[in-house]
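>>> Sequence unavailable; structure follows:
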């Protein structure tokens, strides 16, 4: 038995390229050990952190070396099982890697429960990005009417959920994004109160002052680096910020946060908090249930970019890092799932 998989062909340079990877055929013919299942992978999650897995010292997870299959989460159907938890026909979520099939221990899998039309959303609005948005807003504090919230990467997987949840609470939301299509989507589909396209108009500090002359009360940052610096500078005294993502820092050669920003935090008495969603795993069930209710009722849109074919996964990751994709990026590996 064999599978198709994507492996790292060479160590990336300053910017990741699709041809840093290769599609290859790999044997997958050994018998299952007790507690393992064999999956046919249907969906792959494309996430910014995957770029960091290619660094010498990854921020999260195990480093992917040249010649290794690319790591990543996926949704698959169980086709063979020596597990007491899963039987053939079950749908599960776990670390499958970029491949058409995977052998995974059942301890590393969770069920992909719910209606079939929501399957891919378990990697997005019902998965880690949605949980990050839901629980991150809670961690940011009592965000509600009277607040003016700045959201970076507002058309991304986490940001697009944050802006919808915040709007439902009566918050005034200003979204940061790049490009006319994303700007239009945020304004027309998600009804964001204001949108700043960082590729157009005045420098970002000026654009932030014009969008919120009295400053922002809170900032949900998914980007880091210079956008974080500018966003913190736009907060009111005693404003609060959640540092949730670092997409600007995954590509080599990004600038660093200047010392002046630390003085700003002290001078303005800002509350700045780092946030990793897995620290809040005890609340995942509650958060996922609330998100699914909102999705079913139509109060929450699942913003998703679907890429067809395993061979296009490298380009999908490059597009995500370059800001060319909207919402949650997923790869449809095989037929409908």
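Alright, I've got the coordinates. This one's a predicted model, so the numbers in the text were calculated from it and none came from an experiment.
>>> Quick check: residue 209 touching residue 234?
Yes. Between residue 209 and residue 234 there is a contact at 7.0 Å, judged by Cβ atoms under 8 Å. Placement of C-beta: from N, CA and C, glycine included.
>>> neighbour-wise, which of the two wins?
Regarding residue 209 and residue 234, a neighbour count based on other Cβ atoms under 10 Å identifies residue 234 as having more, with 20 against 14.
>>> dump the residue contacts of the more buried one.
With contacts taken as Cβ atoms under 8 Å, 6 or more residues apart in numbering, residue 234 has the following neighbours: 150, 205, 208-209, 212, 215-216, 219.
>>> tell me which residues in stretch 280-289 are buried?
280, 284, 287-288 (16 or more other Cβ atoms under 10 Å).
>>> from those, which is closest to residue 274?
residue 280 (12.7 Å; Cβ to Cβ).
>>> Residue 80: which of the contacts of residue 234 is nearest?
For these, the nearest to residue 80 is residue 219 (48.0 Å; Cβ to Cβ).
>>> Can you give the distance of stretch 185-203 from its chain's centre?
Here stretch 185-203 is found 20 Å from its chain centre; the criterion is Cα atoms, centre = their mean, to the nearest Å.
>>> in it, what counts as buried?
In stretch 185-203, counting by 16+ other Cβ under 10 Å, buried: 185-186, 190, 192-198.
>>> Quick check: residue 303 touching residue 329?
No. When contacts are counted by Cβ under 8 Å, residue 303 is not listed as touching residue 329 (10.3 Å).
>>> what's the span of stretch 223-241 from first residue to last?
12 Å (Cα to Cα, to the nearest Å).
>>> let me fix that: stretch 132-148
20 Å.
>>> What's the mean pLDDT across that stretch?
Regarding stretch 132-148, the rounded mean pLDDT is 94.
>>> next one: stretch 24-42
Here the average pLDDT along stretch 24-42 is 91.
>>> can you list the weak-confidence ranges in the stretch 1-150 of the chain?
114-117 (pLDDT under 70).
>>> can you give me the helices in it?
49-52, 128-140 (DSSP state H, counting those that start in this stretch).
>>> next one: the stretch 201-337 of the chain
204-211, 225-233, 259-267, 284-297, 313-321.
>>> Which other helices and strands does the third one contact?
Here helix 259-267 touches helix 225-233, going by 3 or more Cβ pairs under 8 Å, 6 or more residues apart in numbering; DSSP states H and E.
>>> got the angle between the helix it packs on and helix 259-267?
20 degrees (axes from the mean of the first three to the mean of the last three Cα atoms, to 10 degrees).
>>> what mean pLDDT does helix 225-233 have?
93.
>>> In contact with the nearest residue to residue 249 once chain neighbours are set aside: list those residues for me.
Spatial nearest neighbour of residue 249, excluding adjacent residues (Cβ to Cβ, 6 or more residues apart in numbering): residue 224 at 5.0 Å. By Cβ under 8 Å, 6+ apart, residue 224 lies in contact with 243, 245-249, 257.
>>> One more pass at 6 Å, please.
246, 248-249 (Cβ atoms under 6 Å, 6 or more residues apart in numbering).
>>> just those residues now: which is nearest residue 178?
Closest to residue 178, out of all of the contacts of residue 224 and judged by Cβ to Cβ, is residue 248, at 11.6 Å.
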